[in-house]
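Chemist: Got a sequence here, can you build the structure:
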Amino acid sequence: MGMQPILNFTENRLILFSIYKEKKFIIIWAPGGYLRPYSSPKSMAKGEKERIYYIRKMASTITPSEEEKRDLYSLANKVPFDDRINHEASLTDLNLTLIQAYLKEVNSSLYEESKNMEFIELCRNMNIVNSLPEYTKPKNVGLMFFSLDPQRFFPYAQIDVVQFPDDLGGDKIIEKSFKGPLQQQLREALLYIHNTVITEQIIKHPDRAEADRFFNYPYAAIEESLCNAVYHKGYDVREPIEVRVLPDRIEIVSHPGADRSITEEGLRTYRVFNRRYRNRRIGEFLKEMHLTEGRNTGFRKIINALEQNGSPKPIFETDPERLSFCTTLQIHPYYLRQYEYKNDILNDTLSDTVSDTISDTISDTLNDTINDTINDYPILTKTEQSVFSYIMNHQQATIDEIKSVVGKSKSSINRTIRSLKAKGLLTRTGSTKTGFWSVKK
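Modeler: Numbering: from 1, shown residues only. The predicted structure is shown next:
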């Protein structure tokens, strides 16, 4: 008597209920995962805590040798998260319309063929599903770009744009989240920032025909910074990409931090060479859509865009544990002066002027004062002024001393000092312990 299989598919495994020679068998097939090697309790005894590893060798289940364990760890590390099979999804979670829209955008020859090709063959040609015919599942990268609802499989795979018009201490916060396929949320977030955040200033001069044109933030720098965040985000980490728009800067924060091969000194000096790409497949799709280039060109493009606009250099930061990465783009100095003058004049005017005439008085005073007082000397934020003033009188001050006096976090003090150095107002001579500060007076 032969087997009489009864199949039952679950999300992650196939179960066979079979009868062979009047005996009942249960056969469970579980596909391989990416967190190998796997362990199990040594015995089923109550309170058993010891766990041991097993591997399958030919028809036997055995404990692996140390060399075999190392091979399993190495095999697991070789497959990036974006190229792994997603056992929770099915082929129906991939959307043909999204796939064809991508193929048409990148001028792929597969676009015309896709009209007559079987869907599963199209997905295999694009390498967004695995190749096992008896167990076809989408890969993570396919779900990220070609699923209508990637958040089902990657919670918080989104971009949050948060504006603080009155700085972090203010009461007003404007939040907007962008979800959906990666290319869609990226483009929608960039369009939103372009329309609501970026402004252009044109200054005409009486002695020449050419006018000065600049932006509060160059769009190319924001685009490259946000594309880099999407490219290098860890999509197994349940944290969104956050774009924080403050009065004097934009911070783009993603998780986790930079690869261990990138040093903090390299980030400070803009000398970065990434030896490993976290999401190579995501990078391939973004490159095809001309949203990024890869090859470690992102930092240079950001710096070039800021220099051409006359903006301060960017600040790249990652914490020692590499839990997050932050790109800070500082506002153009002209806009920073406007913001500071508005606050000063607003405070003065509110104390002396009745409410009926406040609006007109502020508007007239602002325009006259801003145009009369802008000069070539670098404008400092309040934190920069406090740090600079303290260092002028305490040239051997340590970071911890400055932190306690100014009342800011250590990371904020470090960021402020880098900004003062970039503006040519501050240099450091000697070591951290025995050195001293040199200031421009």
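Chemist: How many neighbouring residues does residue 149 have?
Modeler: Residue 149 has 12 neighbours, counted by other C-beta atoms under 10 Å. (Glycine included, C-beta is placed from N, CA and C.)
Chemist: And it, its phi and psi?
Modeler: Dihedral angles of residue 149 (phi, psi; degrees, to the nearest 10) stand at phi -140, psi 70.
Chemist: Identify the residues contacting the residue lying closest to residue 278 once chain neighbours are set aside.
Modeler: Leaving aside its chain neighbours, residue 278 sits nearest to residue 232 (5.4 Å; criterion: C-beta to C-beta, 6 or more residues apart in numbering). By C-beta atoms under 8 Å, 6 or more residues apart in numbering, the contact set of residue 232 is 254, 258, 277, 278, 279, 325.
Chemist: which residues pair with the nearest residue to the second one once chain neighbours are set aside across the strands?
Modeler: Yep, that's residue 258 we're talking about. If the residues on either side of it in the chain are set aside, residue 258 comes closest to residue 318, at 4.4 Å by C-beta to C-beta, 6+ apart. Taking DSSP bridges, one finds residue 325 as the beta-bridge partners of residue 318.
Chemist: How much space separates residue 318 from residue 261?
Modeler: From residue 318 across to residue 261, the span is 12 Å (C-beta to C-beta, to the nearest Å).
Chemist: what does residue 158 give?
Modeler: To residue 261, residue 158 is 28 Å away according to C-beta to C-beta.
Chemist: Between these two, point out the one with more neighbours.
Modeler: residue 158 (19 against 11).
Chemist: Need the phi and psi values for that one.
Modeler: Dihedral angles of residue 158 (phi, psi; degrees, to the nearest 10) stand at phi -150, psi 170.
Chemist: OK, contacts around it?
Modeler: By C-beta under 8 Å, 6+ apart, the contact list for residue 158 reads 151, 177, 178, 179, 185, 240, 241.
Chemist: Filter those residues down to the ones in helices?
Modeler: If you go by DSSP state H, the contacts of residue 158 have residue 185 in helices.
Chemist: For the buried ones among the contacts of residue 158, write the corresponding PyMOL selection.
Modeler: The following PyMOL line selects those of these that are buried, judged by 16 or more other C-beta atoms under 10 Å:
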select buried, resi 178+179+185+240+241
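Chemist: Out of the contacts of residue 158, flag the one nearest to residue 213.
Modeler: residue 178 (29.1 Å; C-beta to C-beta).
Chemist: Go ahead and confirm that closest one touches residue 161.
Modeler: Yes: under the criterion of C-beta atoms under 8 Å, residue 178 makes contact with residue 161 at 7.3 Å.
Chemist: Which neighbours do those two have in common?
Modeler: Taking C-beta under 8 Å, 6+ apart as the contact rule, residue 178 and residue 161 both touch 189, 192.
Chemist: what about residue 278, helix or strand, and which?
Modeler: Assigned by DSSP states H and E, residue 278 belongs to neither a helix nor a strand.
Chemist: right, I mislabeled it, should have said residue 243
Modeler: Secondary structure (DSSP H and E) places residue 243 in strand 241-246.
Chemist: Packing partners of whichever helix or strand comes after that strand?
Modeler: Sequence-wise, the next helix or strand downstream of strand 241-246 (DSSP H and E) is strand 249-254. When contacts are defined as 3 or more C-beta pairs under 8 Å, 6 or more residues apart in numbering; DSSP states H and E, strand 249-254 packs onto helix 219-232, strand 241-246, strand 325-330.
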